[in-house]
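**Q** fold the following for me, if possible:
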Amino acid sequence: MKQGFFLFSFFLLSLNLFPQKENEMLFKVGKTPVSIGEFKHLFEKNSSNEKGKTTEEVKEYLTLFINFKLKVKEATELKLDTLPTLKRELISYQNQLAEQFIQDSDFEERLLKEAYERSKYQLKASHILVKLSENAKPQDTLKAYHKILEVRKSIIDGSSFADVAKEYSEDPSVLENNGDLGYFTVFKMIYTFETAAYQTNKGQISMPFRTPYGFHIIKVEDVKASKGEREIAQILITDQSEKGKNKIDSLYAALSNGTDFGFLAKKFSNDKGSSMNGGKLPKMGYGRMFPKMEEVAFSLQFLNEISKPFKTIYGWHIFKLIKKYPFQSFAEARPGLQRKINSSGRAKLSNQALLKQLKKKYDIKVFEENKNVFADSNIRAVSNDSLQNTLFSINDKKVTQEDFKYYIYSRRQKPESILFTEFFNESILQYFKANLIKNNNAYKQAVQEYKEGILLFELMNKNVWNRASADSVGLQKFFDMNKNKYTFNDGRSKDKSIALNDYQKYLDIELIAQLRKKYVVEISQESVKFLLEYYQKK
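**A** As a prediction, the model looks like this:
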C-alpha cells in the first residue's frame, strides 16, 4: 500500500512539475532554443494515440521535430520569410485567426445556452411595424417611437390586434396575414426580434423595441414545447384541380390496400427532388416548412403511419412518417447551434461584449475639441496637413484626424457622428488584434506554427519537390541505381511516379544530412529524460 501511495504521489508530482518545466530548453538548433512546452504541444496535437505515449514514440517524434526545426532554421537563414508572397499569406492568416480571438468566450457560452433553451419552445406571434431607417435623425426616431406607443395603447385599451395591425403596420405582409407570423423558433427571426418575442408572456403585448427595420410591438399568441424533428416521405401531386384531387385519392386508396409507398412515390410523385428516393424529405422541425406540412408531419405518431391527403399551395400531399428524432440534449445540439450562431451574425454580439471589456481595460482618451472640425460638411476636401491632431488615444496608440478622414472618405451614406462611433469601436478592436501576439500565448503559438509551416513548404518546394521534377539527370542516376525495385513492361518501367516519389524521399534525407552538418544541434538529455518519465507516468 505504501509503495502504491509513493508511486501515486510521484505521479502527481511529475504532473505538477510540468508547468515549471515547460519553458526549459529541450534542444537548440544553432543558437535557437526549443522548449519542452513547444515539443509537448505539437507532439500531443499530432499524435493519434490518445491513451499513452511510448518511449519509442517520444524518441521518434523528437527526431522528426529536430529535423523540422533544422529545415525552419535553413529557410530563415535563406530569408524565405522575407518573400512578398509568404509575408502576404502570413498577414492574411493572422487577420483571419485574430477574428476568432475577438470573441468573449463566456458571452458565447451564454448565447449557446440561451439558443438551446429557446429551441425548446415554438412561439406563435403577431407583430406591428412602424418603419424607421437605421440612420434616422433623432426627431424622426422620437416621432416613430411615439406612434408605436399610441398603437400599443389602443390595443391595451381593447382594440383587436389584427384590426390595429391592418390599419397601422407598415410591414407589407400585413395585407395577407393581419400581422400573424405563425409559429417560429430560435434563429428564425433576427436576434432582437427573437429576444423580444421570447421575453413576452403568452397573451401579452411587448413594449416597443427597435430592429434595423424600425419599431415593433409583438403579441405572443401561443407557446408550445418543441417536438424534436421528423423524417417524412411524401407523394406530391401538383395538379390542384379536381383531376389532381381524384389522383391523390386513388393513390391513398392504393396505399390503404397495402401498395408500397416508395413505389408509388417513384412512379407518381411530382416532387422530382424526393421521388427517386422513395419520397424521402430532409429532416424537418418547426419553422422549416410550410405550416400545414409541419402540422400534418407532427400529427403522425407511429412509424410508417400515413396521413390522409391534404392540400397546400404546392398541391396535394400524402405524408408517411419514417423516423422521429427526439429533442436533443445540450451536448448533442451544441455543434449545430454554434454553426447557426456564427452564420446568423449573432456572434457579433460577442464582439460587442469584448469591446465593452476593452473600453474598461484600456486607457482611452477622446479629444472632443479635435472632433469639431468634422462638423464641416466639406471635411473630405480639407488638406491632410491640417488634420494631424490626435482624435483619440488607446494606451500608447494615437489616432489622428487624418485617420478618421480616410475612414469616412468614401462612406457618405451615414452621418459623421455614427461613423465616428463605428471608427472608434473598430480602432479599439484593431488595437486588440495588433497586440494579440504580445498578450495571447495561444494566438502567438498558432501564428508561429503557421509561419514555420509555410517556411517548411517553401524550402521543401525549392530543395526537394521542384528539384526532383527538374533534375532529370539526378533522377535518371537514382533510377539506374535502384532498377531492381521497379516493375518493367516491354523494356519500360511502369513505376515512374513511384520512382519520382522515392527520389524526393532520397533528396529529403540528403537535405537533412546536410543541415545536421551545417547547424549544431544541442540536446538537453535532462529534459529528454524528464519527458520520457512524464509520458510513462501519464
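**Q** is it true that residue 240 touches residue 316?
**A** Yes - counting by Cβ atoms under 8 Å, residue 240 touches residue 316, with 7.0 Å between them. C-betas here are computed from N, CA, C, even on glycine.
**Q** okay, the two: which has more neighbours?
**A** Between residue 240 and residue 316, counting by other Cβ atoms under 10 Å, residue 316 is the more crowded of the two (23 against 14).
**Q** the stretch 1-150 of the chain: helices as residue ranges?
**A** Here the stretch 1-150 of the chain has its helices, by DSSP state H, counting those that start in this stretch, at 2-21, 36-46, 55-77, 84-101, 105-119, 138-156.
**Q** do the same with the stretch 151-300 of the chain
**A** Counting by DSSP H, counting those that start in this stretch, the helices of the stretch 151-300 of the chain are 161-168, 174-177, 191-198, 242-256, 261-268, 272-275, 291-299.
**Q** quick one, the fourth one and helix 261-268 angle?
**A** So the one you mean is helix 242-256. Going by axes from the mean of the first three to the mean of the last three Cα atoms, to 10 degrees, helix 242-256 is angled at 150 degrees with respect to helix 261-268.
**Q** helices or strands up against helix 242-256?
**A** Contacts defined by 3 or more Cβ pairs under 8 Å, 6 or more residues apart in numbering; DSSP states H and E place helix 242-256 against strand 229-237, helix 261-268, strand 315-325.
**Q** out of those, which is the most enclosed?
**A** Most buried of those, by mean neighbour count (mean count of other Cβ atoms under 10 Å): strand 229-237, with a mean of 23.
**Q** remind me what it packs against, helices and strands.
**A** Against strand 229-237 (3+ Cβ pairs under 8 Å, 6+ apart) you get helix 242-256, helix 261-268, helix 272-275, helix 291-299, strand 315-325.
**Q** and of those, who's closest to residue 445?
**A** strand 315-325 (39.8 Å; Cβ to Cβ).
**Q** the residue lying closest to residue 97 once chain neighbours are set aside: neighbour count?
**A** Nearest residue to residue 97, sequence neighbours excluded (Cβ to Cβ, 6 or more residues apart in numbering): residue 446, at 5.9 Å. Each residue near residue 446 was counted by other Cβ under 10 Å, and the total is 18.
**Q** re the thing from before, any chance of a markdown table for the helices and strands packed on helix 242-256, columns mean pLDDT and distance to residue 163?
**A** Listed next are the helices and strands packed on helix 242-256 as a markdown table, based on pLDDT from 0 to 100; distance: least, Cβ to Cβ, whole Å:
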| stretch | mean pLDDT | distance to residue 163 |
| --- | --- | --- |
| strand 229-237 | 94 | 36 |
| helix 261-268 | 95 | 44 |
| strand 315-325 | 95 | 33 |
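**Q** any regions of the stretch 151-300 of the chain where pLDDT drops low?
**A** Low-confidence segments of the stretch 151-300 of the chain (pLDDT under 70): 286-287.
**Q** what is the neighbour count of residue 520?
**A** The burial count for residue 520: 10, using other Cβ under 10 Å.
**Q** brain fart, residue 144
**A** So residue 144, with other Cβ under 10 Å, has 20 neighbours.
**Q** beta partners of residue 33?
**A** residue 28 (DSSP bridges).
**Q** what's the distance between it and residue 521?
**A** 11 Å (Cβ to Cβ, to the nearest Å).
**Q** what touches both of these two?
**A** residue 27 (Cβ atoms under 8 Å, 6 or more residues apart in numbering).
**Q** for residue 277, see how far away residue 237 is.
**A** 18 Å.
**Q** rewinding a little: so for residue 466, which of the helices of the stretch 151-300 of the chain sits nearest?
**A** The nearest among the helices of the stretch 151-300 of the chain, by Cβ to Cβ, is helix 272-275 at 47.4 Å.
**Q** tell me the buried residues in the closest one?
**A** 274-275 (16 or more other Cβ atoms under 10 Å).
**Q** that one - contacts with which helices or strands?
**A** When contacts are defined as 3+ Cβ pairs under 8 Å, 6+ apart, helix 272-275 packs onto strand 229-237, helix 261-268.
**Q** can you tell me what sits against that helix?
**A** With contact meaning Cβ under 8 Å, 6+ apart, helix 272-275 is reached by 233-234, 236, 265-266, 269, 280-281.
**Q** please repeat the previous calculation with a cut-off of 6 Å.
**A** 265-266, 269, 280-281 (Cβ atoms under 6 Å, 6 or more residues apart in numbering).
**Q** could you identify the most distant pair in the residues you listed?
**A** 266 and 281 (14.3 Å).
**Q** quick one, strands of the stretch 301-450 of the chain?
**A** 310-312, 315-325, 364-366, 390-394, 397-400 (DSSP state E, counting those that start in this stretch).
**Q** out of the ones you listed, which is closest to residue 429?
**A** strand 390-394 (10.2 Å).
**Q** neighbouring contacts of that closest one?
**A** 362, 364-367, 370, 398-399, 401, 404, 431.
**Q** what's the closest of these to residue 137?
**A** Distances from residue 137 to the contacts of strand 390-394, taken by Cβ to Cβ, are shortest for residue 404, at 21.7 Å.
**Q** can you give me the distance of the closest one to residue 154?
**A** In terms of Cβ to Cβ, residue 404 sits 45 Å off from residue 154.
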